[in-house]
Structures are given as structure tokens and as C-alpha cells.
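Participant: the following block contains a protein sequence and its predicted model.
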There are 2 protein chains.
Amino acid sequence: MASETANLSGTAENPSVDLSLFTFTRVLNEDPHAKTIAILGTYPSSSHQSALHATDTAGPSSASESQAILIMNKTHFDSASIDEYVRSDIGEVKVLGINDIYNWLLGWTKSSTEAPRGADVKMTLIRDATEVHIRKYSRQKMIMVHETPELYRSVVVPWVDAIPPERIQWVHNILEGKTSETILSATPTHVLLPDLKWDQSTLSSLYLVAIIRDHTLRSIRNLRKPHAAMLKEVRADARRVAKETWGVDPGQLRMYFHYVPSYYHLHIHVTALTLSMGGMSVGQAHLLDDVISLLELDPDDGPGIMQRRTLTYVLGEQHGLYEGMTSAQGNPEVVS
Amino acid sequence: MASETANLSGTAENPSVDLSLFTFTRVLNEDPHAKTIAILGTYPSSSHQSALHATDTAGPSSASESQAILIMNKTHFDSASIDEYVRSDIGEVKVLGINDIYNWLLGWTKSSTEAPRGADVKMTLIRDATEVHIRKYSRQKMIMVHETPELYRSVVVPWVDAIPPERIQWVHNILEGKTSETILSATPTHVLLPDLKWDQSTLSSLYLVAIIRDHTLRSIRNLRKPHAAMLKEVRADARRVAKETWGVDPGQLRMYFHYVPSYYHLHIHVTALTLSMGGMSVGQAHLLDDVISLLELDPDDGPGIMQRRTLTYVLGEQHGLYEGMTSAQGNPEVVS
């Protein structure tokens, strides 16, 4: 942006901007995650020449209108005055739901207008919060770590082996059809289902998950050249289901693995390209297409790229691997 | 979240939540991009037993206080009533700067409280907007495309060759020291400087860029095994500068290439791990560490992984490669 070089001399001639002169045409774009919207409208022209011209031909009452774009972005909370914001700026609270210690709320700041309007904030109030809750919602120290093949063998595999099998019993239940969840597709290679985070109707936030049947595949570290064909089958099936069920074209899908994954049974995230959220950053997500392409470059046997490469990722200090990875790397800050 | 299964029977006993009973302790976490903040405080306990107990021992006026967490998230604009929001909800506008057709503004919604408070929205008003402006701020159709080595040769290389050399004259000016920009480091391999998007003081949004001197390297497609050593030198230098100048540890940095890049002269983005923004998604960003690791698996000569792999990325329909890539792929929706 050119704000650093703003010519403020214009301020004298245009001491104020009057938004009531902005006439709405249409929304150009919006980003609900960042709370940004760009709208097209008309506004009196800033050109003196055309303003003069308009005066000549149509009299002083007709200002020259031209197209204008207004980009609006909600401001962030001011953490220095957040106490006051909660106690006195929010004038009205509506309870959406209460379950045990969890309270879901909508809040309105005190307004001088009578007209009904949407809430200003969504809130969750957790009463009787324990240290576990506090840790969950506190900023974690994050660090980039480098998992070499050696660290995978010496740190990650033992850690994964020690995870109680009950933790992924829910995955086995899904694969064995023992749950009441919606199953979109069940093939010899995988089961495809909607992710619980998706409302199953908003196409722009489409979110499916494909769980691979092969129990020996825990993460992308286990993938080798022979798995490329299986992954292509999963990809083709997810594309078919998205198209047939919701009319979403293959080019509108983003498919990726997480590494490190949240659970160690191979699965693929299938999301709409329009979905903007965490979890798809480099250093956490690996495109299915990229993984397939790299597997195809592998030799026919022996360890492949996924076994031989160093994988770099972000770990939070609350993650179970944090201690092991950072201490095995010595001083993680100077590791190369 | 458990909102789907919220036990609303609680509402009868707790018909309202009174935020004036929330006593602020401290901020636990916040995300300025998503406009979310989590704060710790105290609030009357939800437990009947402890409330009863408090009444028994300390009289009815002493409610039992316990720790509580309040998570607040600004709501998005309601596009259905955005016209009304602009024309009547915003009661006060402050002009931050005006330069030609660009107006930078802060806006406050109409409030019934007299106390001074932070703005509710940041705005940019572009007057006399042209079709180019409108296109720039409109939602683009985005698509995932697959750049095979063959498509790289037949579509991308000719397109890059046709870009007028003047477009990256600014890069050459930086490399040759012909600009007044702050140079953090200049070595035989690269020049390191702060990105223009960074204010050069907020550590959580640290953003540097390393421009590689070798003019033959246009993108990661040109990288081969012998370049790994050079990339490690750049990485070490960026880590050293971030540590010596701002005290930022190596594990707090995220370094990545863009593919496709915004300009075809090899450069590396160096950002704080805490920086949350676009441009670091899988399918657009490639971690420097991952690229180095893959290069090291290359054979000593002949085409390497970066030449042989298929690169999958998101293209907007306004991008110069969109036509070429989508038509070369035939129907891009069914490409595998």
C-alpha cells in the first residue's frame, strides 16, 4: 500500500469523507475469516475537471458521480482496554446455548440507533475453567523442527508406538461401519465422509475426510512408490463424490495430508479451495498431488523419498512430540 | 464444538449471562487476523454445590467465584445489509490520509456511550475507480492446476521468456545497490532486506526477503543438487541477521519460496512463525528446508526432483498463466 507516501495536502481540499454519499452497487469480494468486505458503489468524483464540467452542463446541484470501491475491515480487539470492552461496551448479550460450563453468546455494543442489527461479537464463556482449559486457550510457544529419517526412527516411531490403541478406536469404528456417521463412499481402499467441522451444506466451506483402510499406513512417512496407484484411486473417488453430490469441480478441491497428523492412521483432508482456515500452511500440510508426484519419482524398491527426506514442521510446546524432538535436536534454535 | 448437542435445558436455570460479573485477569491469546481474543477472568461458579456451600459459610451476598475463560470473535459483515451499514450504522469517520483517488479512513458505529474508544472498522475508499480497480478487488475464480515437466517447458517457460525485462529491473537495482532501501546483508550469493509489507519493528510480523544473485535462477524449477549448499548459506545468513538484529531465534522463522512466484527471479520469504497471513498455504508456498532436503536426494547430475516433479498450485483467472495452463490441460476439471 502507498500509505507511507500519502500526500496529505489533499486533506485541506477534502477535509472529510461523507459515507452517506456512497451509493451501494454490489459486493465485489469478502473474506469472513479476516472480516473483510469490498463493495462497489458510486461516490462524487474526485476529479476537479469533471466536477467543473458537471457544473457547467447540469447546474450546481448535480455533482459528478463515478464508480467507487469501499474496502472495509473490522478492527481487532484492543487488548489494553479489553476489560472495559467486556464490562461496559457490550450492552446486550443473547444466550445461544448453555451446556454445563460452556455458554455460547452473541453480543452487541451499546448503540444509539434503534434499528435491529447483527451482533458485533460471538462469544464463548467457559465457567469453572480448570488449568487444562486455560492451557488449551493460551498462546503456545511454537517452534520449527527438522525431522530427519534418523529422528523419525529414534523419536517419532517410539512415541507413536506408545499411543494407546483406544485413541484411534473411533477410526476403526468408522472403517468397520460401526458408527452412525454419514458415509459418502466406501471402497476397498478407503472410506470417505464429511468432516465434523463442516455443516454439509455450505459449498464454500466443503470439508471431507478420506480414511485409508490399510492399518499399516500411519502417516506420509510410510508411503512408497507402490502406494501412488492407491492414492490416485482415493483422489478420483473424492473428486467424483464432490462433483456428483455437490456439483463441485475437481479444480475447486484442495486435498492434503497433515504432517504431523492429529492421529496416526493415514487420512486425507479434502476441502473447498475457497475455504480459508488454519491447517493448510506449508510446514503442516502436504498436497496429495505433490505426494503422488514425489512417490512416482521413487525407485521401484528400497527406501523412497518419503523415507529419506527431512520433514520440517511447526510444533507447539503442548504437543507430545515437543520434548522428544527438541531435546533430540539439542538446541533446536541452531539446528541446521 | 459441542454446540449441536447443547443441553438447552440449562437455559431455564440460567436465563442470562451477565458479563458485568466477569472480572478480567489477563489475555491468554489473540489472533489479530481473525479478530479473536481469549481472556482469563473470574465469574460466579456454575456449580450448584459450591454456590450452596458459599451461601452456608459466608452468607447469601458472597457468590462463589471461579476462573472463567471468555473467547471473543468479531462478527463478519452481513453482506445483505452492508448498504445500510455504510450509510447509517457508521456514525463517525476519521480521515487518516488522502492520496489522489485513495482515502484511508477509520470508522465508528453509532454508540450510546460517550467514552472514547477504538475504531470499529478500517476502510479504504477508492474514488473514480476504473475497471482495473474493480477487477483487482473482485473475487477471482481460482483453480488448482498441475504443472508437469512437459507443461513447464511448453507453457511456462515461453510465458516467462515473454515478460519484459523491465518488470524486474527493480530487483537488479537492489542487487546492484542502486536503491535507497535498507540492506540487511549483502553476500556473494544474495541480498537480504526487509519486505515492504513489514513495519520493521513488530517482531510478530517480521518479514524479510532474500534475493538470490544468480540471474539464471528464476524459480524453484531451476534448482538442482549443487544449489543446496548455496541455499544453506542463505538460510544461515537470514538466521544470523534475524537473531543479531531482532533477537529472533532460528526456530521462530518460516522460510519459503512461492511457486508460482510473483516475479521470476529466485527469492526467499523469511517470516516470523507468528505471522498469520495468506501466501503460506500448501499449493503456493514451499518450505526452504523441504526444498533443500529434496535437492540433497537428487542424483549428482542429470535432471533432479525439481525438474521431474509435477507442481500443483492455485491459479486465479486473472493470472497471466491461467489461459495457457487451463487450455493446455484440456478440461482442467478432469485432469489427473
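Facilitator: Done, it's in.
Participant: domains in chain A, by residue range?
Facilitator: Structural domains assigned to chain A are A:3-73, A:79-128, A:139-334, following automatic domain parsing.
Participant: and the residue nearest the centre of chain A, how far from chain B?
Facilitator: Among the residues of chain A, the one closest to the centroid is A:Met277, at 0.9 Å (CA atoms, centre = their mean). Distance, A:Met277 to chain B, using CB to the nearest CB, to the nearest Å: 9 Å. Any C-beta I mention is one placed from the backbone N, CA and C, and that applies to glycine too.
Participant: now swap in A:Thr23 and tell me
Facilitator: 8 Å.
Participant: just to revisit the earlier point, and the domains of chain A, which one averages the lowest pLDDT?
Facilitator: Ranked by mean pLDDT, the domains of chain A bottom out at domain A:3-73, with a mean of 71.
Participant: next up, the contacts around A:Phe257.
Facilitator: Applying CB atoms under 8 Å, 6 or more residues apart in numbering or on different chains to A:Phe257 gives the contacts A:Ser219, A:Ile220, A:Leu266, A:His267, A:Ile268, A:His269, A:Ala285, A:His286, A:Leu288, A:Val291.
Participant: check A:Thr130 too.
Facilitator: Applying CB under 8 Å, 6+ apart to A:Thr130 gives the contacts B:Gln67.
Participant: if we use 6 Å, what do you get?
Facilitator: Counting by CB atoms under 6 Å, 6 or more residues apart in numbering or on different chains, A:Thr130 makes contact with nothing.
Participant: which parts of the stretch 101-250 of chain A sit against chain B?
Facilitator: A:101, A:103-105, A:110-113, A:118-119, A:121-129, A:133, A:137-139, A:142-144, A:249-250 (CB under 6 Å from any CB of the partner chain).
Participant: now, which of the residues you listed lie within strands?
Facilitator: Among those, the members falling in strands (DSSP state E) are A:Asn103, A:Trp104, A:Leu105, A:Val121, A:Lys122, A:Met123, A:Thr124, A:Leu125, A:Ile126, A:Met142, A:Ile143, A:Met144.
Participant: ok, and the closest non-adjacent residue to the first one?
Facilitator: Going back to what we said before, that points to A:Asn103. Excluding the flanking residues, the one nearest A:Asn103 by CB to CB, 6 or more residues apart in numbering or on different chains is A:Leu125, at 4.2 Å.
Participant: could I get the contacting residues of that neighbour?
Facilitator: Contacts of A:Leu125 (CB under 6 Å, 6+ apart): A:Asn103, B:Val17, B:Leu70.
Participant: what is the burial count for A:Asn222?
Facilitator: 14 (other CB atoms under 10 Å in any protein chain shown).
Participant: from chain B, how far off is the spatially closest residue to it that is not a sequence neighbour?
Facilitator: Among residues not flanking A:Asn222 along the chain, A:Thr216 sits closest, at 6.8 Å (CB to CB, 6+ apart). Here A:Thr216 is placed at a distance of 24 Å from chain B (CB to the nearest CB).
Participant: what's the burial count for A:Thr216?
Facilitator: Close neighbours of A:Thr216, defined as other CB under 10 Å, add up to 7.
Participant: distance of it relative to A:Lys74?
Facilitator: 48 Å (CB to CB, to the nearest Å).
Participant: repeat for A:Lys35
Facilitator: 4 Å.
Participant: anything in contact with each of the two?
Facilitator: Counting by CB under 6 Å, 6+ apart, the contacts common to A:Lys35 and A:Lys74 are B:Lys35, B:Lys74.
Participant: element containing A:Ile98?
Facilitator: Assigned by DSSP states H and E, A:Ile98 belongs to strand A:90-99.
Participant: how about that strand: buried residues?
Facilitator: A:Ile90, A:Val93, A:Val95, A:Leu96, A:Gly97, A:Ile98, A:Asn99 (16 or more other CB atoms under 10 Å in any protein chain shown).
Participant: next, the angle from it to strand A:121-126.
Facilitator: 50 degrees (axes from the mean of the first three to the mean of the last three CA atoms, to 10 degrees).
Participant: what is the burial count for A:Ile126?
Facilitator: Neighbours of A:Ile126 using other CB under 10 Å come to 23.
Participant: wait, what's in contact with it?
Facilitator: A:Ile126 makes contact with A:Ile101, A:His133, B:Ile69, according to CB under 6 Å, 6+ apart.
Participant: possible to save those residues as CSV with neighbour count and distance to A:Leu175?
Facilitator: What follows is those, written out as CSV (neighbours: other CB atoms under 10 Å in any protein chain shown; distance: CB to CB, whole Å):
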residue, neighbour count, distance to A:Leu175
A:Ile101, 18, 34
A:His133, 17, 32
B:Ile69, 23, 36
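Participant: among these, which ones are in helices?
Facilitator: Mapping the contacts of A:Ile126 onto helices (DSSP state H) picks out A:His133.
Participant: out of the contacts of A:Ile126, who's nearest A:Gln200?
Facilitator: Nearest to A:Gln200 among the contacts of A:Ile126: A:Ile101, at 28.1 Å, using CB to CB.
Participant: gap between A:Ile163 and chain B?
Facilitator: As judged by CB to the nearest CB, A:Ile163 and chain B stand 24 Å apart.
Participant: what's the neighbour count on the residue lying closest to that residue once chain neighbours are set aside?
Facilitator: In space, and not counting its chain neighbours, A:Ile163 is closest to A:Tyr264: 6.6 Å by CB to CB, 6+ apart. Using other CB under 10 Å, A:Tyr264 is surrounded by 20 other residues.
Participant: great, nothing more from me.
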